[in-house]
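1. what follows is a protein structure lacking sequence information:
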């Protein structure tokens, strides 16, 4: 806040990690500007109707009455209000009416999650036309900006020093990232628990396909394997939900009102997951569907009670504030960096010192890459075509999610039709602070080794989490070595095929993380590793060659971090 008032800018862009208190910051600025008589009216522009109400409630607590029912066609509002809350879509429909209101008063415009002004050209044009006369404009975002060709109104752009003058990136006035917020105890440390497993499905052509989630696969096969894993009729989802419920029980030993959230792709799956959770936990979860009128009310009720689980379709994303959420299950085919940051942001808000968050993920390289780069800052980029493999994978999965939810008008938007035949879950590893802990794909669900991670206390400082993970990793490694030495080498020996598969999974996971950290394509990273370390392609490399590449990539990451 000091920076804002020292500079006294007309336009100001604050980028802060979810859970860092952007709403509190904006309302503090608004209160001070009103007190100094620099402005006398406020307009809050939010992405959704639910967030309009949430802003109004927060503003009321700050002593600033805001009307969340206002619309451009309504004209005037009660004199009891000093501000209104509207959506980006509403501004786009009638920007002239909003401009007239903005011109009549000395207005502060708060653009919440401002990247939505770039979602559609009409929205951006509407925001620019409506609020060009504003006295002050405060733009907020807590999620990574995308790459596109639509500039966001009132955001400053400059040439990217790494990519050259042809690519423009947004220039924030203030940035407060996850790593900084974690050190300030503003957000919780996040444990990502990854689960792989064997999947079998039948294609539309009648062919049966078997693949292991987490193995190197084409993007289409990865998407279909993920879809098979998320099938509520298989064994993967019940196993992961049971593990997540055990984790929630451990957290609730220290944080009695801690809640869990399952993020589902569509309504049918959400209801099926809710039934599974009811059987597992003995308590019926709250189900929140995006097209139900009572959705916002159900989120508010869940936020205020001590119910164990909520299952939601798209409703619980950016800005939705349920501070007691501590355990999440990623059960959606959506896999964009924007949605990932929004979703994980629901679990990181700290209430008391030492609270931890846990998010259960499918072992999909794209998601693991996002998880390993939770602290990365991403700006809004103009002039770059979206062509890399991860963006294509994410786009196709979004289309699949839309088709499953009934949002797609054409069958061509869905991935090839199939029938899920079976799935089995395996605990893969824990990802924390960019490092992996556990034995990839080799741990059975319900085993003692899995419980070593599910039973991590729910109240730990970030350094304590790291030390505990290292300690458990080392103790498990020692136990395995002792068991191996004492056992019959004929019956206990790991096959060459299994050993190579584990090493390839680890290498590909690290390459995905390197891509999200540097932007370097996966293929280029593999080529550089082969050049530095020697040997053939990863698919036919031997164990020593794979280990050497893994070690080299870890060295690169360590040098870049330091």
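-> Ah, there it is. If you're wondering where the values come from, they're calculated on a predicted model, not measured in any experiment.

2. when you work out contacts or count neighbours from here on, use the C-alpha atoms and nothing else.
-> OK.

3. does residue 99 touch residue 131 like I think?
-> Yes - with contact defined as CA atoms under 8 Å, residue 99 reaches residue 131; the gap is 5.9 Å.

4. who has more neighbours, those two?
-> The residue with more neighbours, out of residue 99 and residue 131, is residue 131; 26 against 21, by other CA atoms under 10 Å.

5. which residues touch the more buried one?
-> Residues in contact with residue 131 (CA atoms under 8 Å, 6 or more residues apart in numbering) are 98, 99, 102, 109.

6. what's near enough to touch the third one?
-> The contact partners of residue 102, taken as CA under 8 Å, 6+ apart, are 130, 131, 133, 134.

7. ChimeraX command for the buried members of these?
-> Buried members of these, defined by 16 or more other CA atoms under 10 Å, are picked up in ChimeraX with:
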select :130,131,133,134
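
8. just send the contacts of residue 102 back as TSV, with distance to residue 241, secondary structure and pLDDT too.
-> Converted to TSV, these look like this (distance: CA to CA, whole Å; DSSP: H, G, I helix; E, B strand; the rest coil; pLDDT from 0 to 100):
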residue	distance to residue 241	secondary structure	pLDDT
130	46	helix	95
131	46	helix	97
133	51	coil	96
134	49	coil	97
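
9. for residue 209, pull up the helix or strand it's in.
-> strand 208-213 (DSSP states H and E).

10. pick out whichever of the contacts of residue 102 sits closest to residue 554.
-> Nearest to residue 554 among the contacts of residue 102 is residue 131, at 48.1 Å by CA to CA.

11. let me see the domain layout of this structure.
-> Domain assignment of the chain by automatic domain parsing yields the ranges 2-176, 183-474, 495-561.

12. returning to that earlier point: who does the strand holding residue 209 touch, helix- and strand-wise?
-> Where contact means 3 or more CA pairs under 8 Å, 6 or more residues apart in numbering; DSSP states H and E, strand 208-213 is packed against strand 190-203, helix 219-229.

13. quick check: angle from the last one to strand 208-213?
-> Inter-element angle recorded for helix 219-229 and strand 208-213: 90 degrees (by axes from the mean of the first three to the mean of the last three CA atoms, to 10 degrees).

14. who's in contact with helix 219-229?
-> Where contact means CA under 8 Å, 6+ apart, the residues beyond helix 219-229 that reach it are 199-201, 211-213, 234, 236-237, 333, 362, 364, 389, 393, 397, 415, 420-424.

15. distance between that helix and the chain's centre?
-> Put simply, helix 219-229 sits 19 Å off its chain's centre (CA atoms, centre = their mean, to the nearest Å).

16. so where's the stretch 401-550 of the chain uncertain?
-> Flagging of the stretch 401-550 of the chain using pLDDT under 70 yields the residue ranges 401-418, 439-442, 476-477, 479-495, 497-498, 516.

17. all helices for it, in order.
-> Using DSSP state H, counting those that start in this stretch, the helices of the stretch 401-550 of the chain run over 448-454, 462-486, 489-492, 496-518, 522-533, 543-561.

18. quick one: the ones you listed as JSON lines, columns for mean neighbour count too.
-> JSON lines is the format used below for the helices of the stretch 401-550 of the chain (neighbours: other CA atoms under 10 Å):
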{"stretch": "helix 448-454", "mean neighbour count": "17"}
{"stretch": "helix 462-486", "mean neighbour count": "14"}
{"stretch": "helix 489-492", "mean neighbour count": "9"}
{"stretch": "helix 496-518", "mean neighbour count": "20"}
{"stretch": "helix 522-533", "mean neighbour count": "15"}
{"stretch": "helix 543-561", "mean neighbour count": "15"}
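
19. quick one on the thing from earlier: if any of the contacts of helix 219-229 are buried, give me the ChimeraX selection for them.
-> Of those, the buried ones go into a single ChimeraX selection, burial set by 16+ other CA under 10 Å:
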select :199,200,201,211,212,213,234,236,237,333,362,364,393,397,415,420,421,422,423,424
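
20. so what does the strand or helix carrying residue 85 touch, helix or strand wise?
-> Under DSSP H and E, the secondary-structure element containing residue 85 is strand 83-87. With contacts defined as 3+ CA pairs under 8 Å, 6+ apart, strand 83-87 has these neighbours: strand 41-46, helix 49-61, strand 66-67.

21. wait, what's in contact with residue 262?
-> 309, 310, 311, 312, 328, 329, 330, 331.

22. is it true that it lies in a strand?
-> Yes - counting by DSSP: H, G, I helix; E, B strand; the rest coil, residue 262 is part of a strand.

23. so how far is residue 302 from it?
-> Separation of residue 262 from residue 302 (CA to CA, to the nearest Å) stands at 13 Å.

24. which neighbours do these two share?
-> Residues touching both residue 262 and residue 302 by CA under 8 Å, 6+ apart: residue 310.

25. skip the chain neighbours and tell me the closest residue to residue 123.
-> residue 92 (4.7 Å; CA to CA, 6 or more residues apart in numbering).

26. quick one: the one you found is in a helix?
-> Yes - counting by three-state DSSP, residue 92 falls inside a helix.

27. quick check: closest non-adjacent residue to residue 521.
-> Once flanking residues are discounted, residue 521 sits nearest to residue 515: 5.9 Å by CA to CA, 6+ apart.

28. wait, what's in contact with that neighbour?
-> Per CA under 8 Å, 6+ apart, neighbours of residue 515: 369, 521, 522, 525.

29. isn't the residue nearest to residue 123 right up against residue 121?
-> No - contact between residue 92 and residue 121 fails when scored by CA under 8 Å: they sit 9.3 Å apart.

30. state the distance from residue 265 to residue 332.
-> Taken as CA to CA, the span from residue 265 to residue 332 is 4 Å.

31. cool, residue 528 as well?
-> From residue 528 to residue 332 the distance is 33 Å (CA to CA).

32. then residue 502?
-> The gap separating residue 502 from residue 332 is 25 Å, by CA to CA.

33. helix or strand right after the helix or strand harbouring residue 168?
-> Element membership for residue 168 (DSSP H and E) is strand 164-170. The helix or strand immediately downstream of strand 164-170 is strand 174-176, counting by DSSP H and E.

34. thinking again about what came up before, identify the contacts common to residue 92 and residue 121.
-> Contact with both residue 92 and residue 121 is made by no residue, according to CA under 8 Å, 6+ apart.

35. show me which of these two is the more surrounded one.
-> Neighbours were counted for residue 92 and for residue 121 using other CA under 10 Å; residue 92 has more, 23 against 14.

36. ok so, going back, just want the angle from the strand holding residue 85 to strand 41-46.
-> Counting by the same axes, to 10 degrees, strand 83-87 points 20 degrees away from the direction of strand 41-46.

37. so how far is strand 83-87 off the chain centroid?
-> Using CA atoms, centre = their mean, the mean C-alpha position of strand 83-87 is found 27 Å from that of the whole chain.

38. partner strands of it, parallel or antiparallel?
-> If you go by DSSP bridges, strand 83-87 pairs up with strand 41-46 (parallel), strand 66-67 (parallel).

39. let's have these in CSV, adding mean pLDDT and distance to residue 14.
-> As requested, the strands paired with strand 83-87 are exported to CSV (pLDDT from 0 to 100; distance: least, CA to CA, whole Å):
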stretch, mean pLDDT, distance to residue 14
strand 41-46, 96, 15
strand 66-67, 94, 22
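
40. tell me which of these sits nearest to residue 536.
-> Going by CA to CA, the one of the strands paired with strand 83-87 nearest residue 536 is strand 41-46, 52.0 Å.

41. starting at the chain centroid, how far to that closest one?
-> How far strand 41-46 lies from its chain's middle: 26 Å, per CA atoms, centre = their mean.

42. show me what counts as buried in that strand.
-> 41, 42, 43, 44, 45, 46.

43. what does stretch 23-40 give?
-> By neighbour count with 16+ other CA under 10 Å, stretch 23-40 contains the buried residues 23, 26, 27, 29, 30, 31, 33, 34, 39, 40.

44. hang on, isn't the third one packed against residue 61?
-> Right, the one you point to is residue 27. No - between residue 27 and residue 61 there is no contact under CA under 8 Å: 9.9 Å.
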